[in-house]
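K.L.:
build the 3D model from these lines:
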Amino acid sequence: MKKIRFIIFIILIYISFSFPSSEVKDKTYKQINLLLDVLKYTEENYVEEVDKEKLLNSAIKGLLKPLDPFTQFMEPDLYKELKVETEGQFGGLGIRITIRDEWITVITPLPGTPAYKAGILPNDRIIKIEGESTYGMSLEDAVKKLRGQPGTKVNITIQRETQKEPFDLTLTRDIIKIEVIKYKMLENNIGYIALFEFNSNSYKDISQALEELKKQGMKGLILDLRNNPGGLLDQAVNIAKLFLGENKLIVYTEGRKSPRKEYRADEKAKYLDIPMVVLVNGGSASGAEILAGALKDNKRAILVGSRTFGKASVQSVLDLGDGYGLKLTTARYYTPSGKRIDKIELSKTQKSTSTIEVGGIMPDIVIEVPKELEVKLYQQREEIYTPGKEPVSAVKKEEQVEDIILVRALEILKAINIYLNK
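P.N.:
Residues are numbered from 1 along each chain as shown. Next up, the predicted model:
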């Protein structure tokens, strides 16, 4: 009980300084005492001996449960995994998840990973892991169950919006190395860059890609942020600076205890004048939404695709010692026009009557792609590498489907270049 009493003591000190009203203090003291009594009585009288540490950890998780799904109390194994993931390599399925309507929901699979190769899609619900229902399961528990040693298998059950019946998948865990970027020159000297993640190398990699495409005579650029789950803020901001100048606002953050903080472009931008189209969809999240929102609001690029995921909040990570960590949402991101990016959860009544924007970035040109087509596009995007040969699509050319969003982007840039060359 020493650890429990210590944490309660810290909470009481916090209350003393944070709440000036004696009435509020008294009520909170009573609730804290109630918690302490329950913990003590349970430890001493439960039918079997209890694990004191697990008991306390459960109490802390319960304290955070009413908050957003991105706020997490991390036990040592999960906190360690977070650190490993930040370094860009970990063992698992290669999938980004969140919680929606109490279910574990896919934000996006990462290219080249077991989840991606199995055809898992953004917004798929993972309703079971190893036969256990995920309804009400926390993110940290889901991550624990999905990750494991490379080469081991995990069984999951998927519920897809377009299918009545759920289906099972058995995936083999692998070392997940995040592939950041792919680029090439398309017809009419239109450059194409697919950015998969904002990690510590993203700005450097995209700068090199832009330089190479420029040498090849690039006259327009398609930046593909579809299924980009985000990542490091500084990388998203620095990439935006490549296309925005004049100290224009890129994004700002603001929270209850966090004053407004602005991130702005430099006076000059290296690629300020190149015509640009950005591709987004429901798997574009966080940093991808920050970049897309900045380019859209500053009228620097035309956005094509479907509404983005709606996840852009600031998480501060606190090291609690003894291997424990706390990831707490402390602020939200807003686009230059003041639009809140992260999704606003509405009740059933609000959904039917409200005109409130529900979060995410809405493209200038909306193209909704059927899920069946998205599956095929994901599959043919996967490349097979053979030493000494150019990479080829995993899907035979005669079986490939047309990427209608990419085609529309090409048409837009062709029209812009025709107009500029008059």
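
K.L.:
where's the closest residue to Lys257 other than its chain neighbours, which helix or strand?
P.N.:
Once its chain neighbours are removed from consideration, Lys257 has its nearest residue in Thr330; the separation is 6.8 Å (C-beta to C-beta, 6 or more residues apart in numbering). Yep, even glycine has a C-beta here, placed from its N, CA and C like the rest. With elements delineated by DSSP states H and E, Thr330 resides in strand 324-334, which encompasses its position.

K.L.:
need the contact list for Arg377.
P.N.:
Quick fix: residue 377 reads Leu, not Arg. With contacts defined as C-beta atoms under 8 Å, 6 or more residues apart in numbering, the neighbours of Leu377 are Val369, Val401, Asp403.

K.L.:
now, which of these sits nearest Tyr203?
P.N.:
Using C-beta to C-beta, Asp403 is the member of the contacts of Leu377 that lies nearest Tyr203, at 26.2 Å.

K.L.:
could I get the full set of helices for this protein?
P.N.:
With DSSP state H as the definition, the chain shows helices at residue ranges 2-18, 22-45, 52-64, 76-86, 114-117, 139-146, 202-215, 233-241, 287-297, 348-353, 371-381, 404-420.

K.L.:
tell me the buried residues in the longest one?
P.N.:
Buried residues in helix 22-45, counting neighbours by 16 or more other C-beta atoms under 10 Å, are found at Thr28, Leu35, Leu36, Leu39, Glu43.

K.L.:
show me what contacts the nearest residue to Glu187 once chain neighbours are set aside?
P.N.:
The shortest distance from Glu187 to any non-neighbouring residue, by C-beta to C-beta, 6+ apart, is to Leu410 (7.0 Å). The neighbours of Leu410, taking C-beta under 8 Å, 6+ apart as the test, are Leu186, Glu187, Asn188, Ile190, Ile222.

K.L.:
which pLDDT value goes with Leu410?
P.N.:
Looking at Leu410, its pLDDT is 96.

K.L.:
same deal with Leu110?
P.N.:
Leu110 carries a pLDDT score of 76 in this model.

K.L.:
which residue of the protein lies farthest from its centroid?
P.N.:
Among the C-alpha atoms of the chain, the one farthest from their average position, using C-alpha atoms, centre = their mean, is that of Asn45, at 43.5 Å.

K.L.:
where are the low-confidence patches of the stretch 301-422 of the chain?
P.N.:
With pLDDT under 70 as the threshold, the stretch 301-422 of the chain has low-confidence stretches at 344-358, 382-391, 394, 422.

K.L.:
buried residues, stretch 414-422. List them.
P.N.:
Residues of stretch 414-422 classed as buried: Lys414, Ile416 (neighbour count, 16+ other C-beta under 10 Å).

K.L.:
identify the residues contacting it?
P.N.:
Stretch 414-422 is contacted by residues Asn188, Ile190, Lys219, Gly220, Pro275 when judged by C-beta under 8 Å, 6+ apart.

K.L.:
then stretch 93-104?
P.N.:
Outside stretch 93-104, the residues within contact range by C-beta under 8 Å, 6+ apart are 69-70, 105-110, 112-116, 120, 125-127, 129, 134-139, 142-143, 146-147, 154, 159, 171, 173-174, 176, 229, 285, 311.

K.L.:
contact partners for the residue positioned nearest the centre of the chain?
P.N.:
If you average the C-alpha coordinates of the chain and look for the closest C-alpha using C-alpha atoms, centre = their mean, you land on Pro229, 3.7 Å from that point. Taking C-beta under 8 Å, 6+ apart as the definition of contact, the neighbours of Pro229 are Arg96, Ile107, Thr108, Leu110, Glu197, Gly283, Ala285, Ser286, Ala288.

K.L.:
not including adjacent chain positions, what is the nearest residue to it?
P.N.:
The shortest distance from Pro229 to any non-neighbouring residue, by C-beta to C-beta, 6+ apart, is to Arg96 (4.2 Å).

K.L.:
and the one you found, how many neighbours does it have?
P.N.:
22 (other C-beta atoms under 10 Å).

K.L.:
and it, how far is that from Pro111?
P.N.:
12 Å (C-beta to C-beta, to the nearest Å).

K.L.:
from Ala265, how far out is Gly220?
P.N.:
For Gly220, the distance to Ala265 under the criterion C-beta to C-beta works out to 21 Å.

K.L.:
residues contacting Gly310?
P.N.:
Under the criterion of C-beta under 8 Å, 6+ apart, the neighbours of Gly310 are Ala285, Glu289, Ile341, Asp342, Lys343, Val358, Gly359, Gly360.

K.L.:
could I get the residues you listed as CSV with distance to Gly305 and neighbour count?
P.N.:
Formatted as CSV, the entries for the contacts of Gly310 read as follows, by distance: C-beta to C-beta, whole Å; neighbours: other C-beta atoms under 10 Å:
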residue, distance to Gly305, neighbour count
Ala285, 13, 29
Glu289, 12, 28
Ile341, 16, 25
Asp342, 19, 21
Lys343, 17, 21
Val358, 17, 14
Gly359, 16, 21
Gly360, 11, 26
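
K.L.:
out of those, the closest to Leu64 would be?
P.N.:
Checking the contacts of Gly310 against Leu64 with C-beta to C-beta, the nearest one is Asp342 at 17.4 Å.

K.L.:
doesn't Ala331 make contact with the closest one?
P.N.:
No: under the criterion of C-beta atoms under 8 Å, Asp342 is not in contact with Ala331, lying 10.6 Å apart.

K.L.:
I'd like to know how many residues surround the residue nearest to Gly245 when sequence neighbours are not counted.
P.N.:
With C-beta to C-beta, 6+ apart as the measure, Ala269 is the residue that lies nearest to Gly245, at 3.8 Å, once sequence neighbours are left out. For Ala269, the number of neighbouring residues by other C-beta under 10 Å comes to 18.

K.L.:
next, Ala269: phi, psi?
P.N.:
Recorded main-chain torsions at Ala269 are phi -130, psi 140, according to degrees, to the nearest 10.
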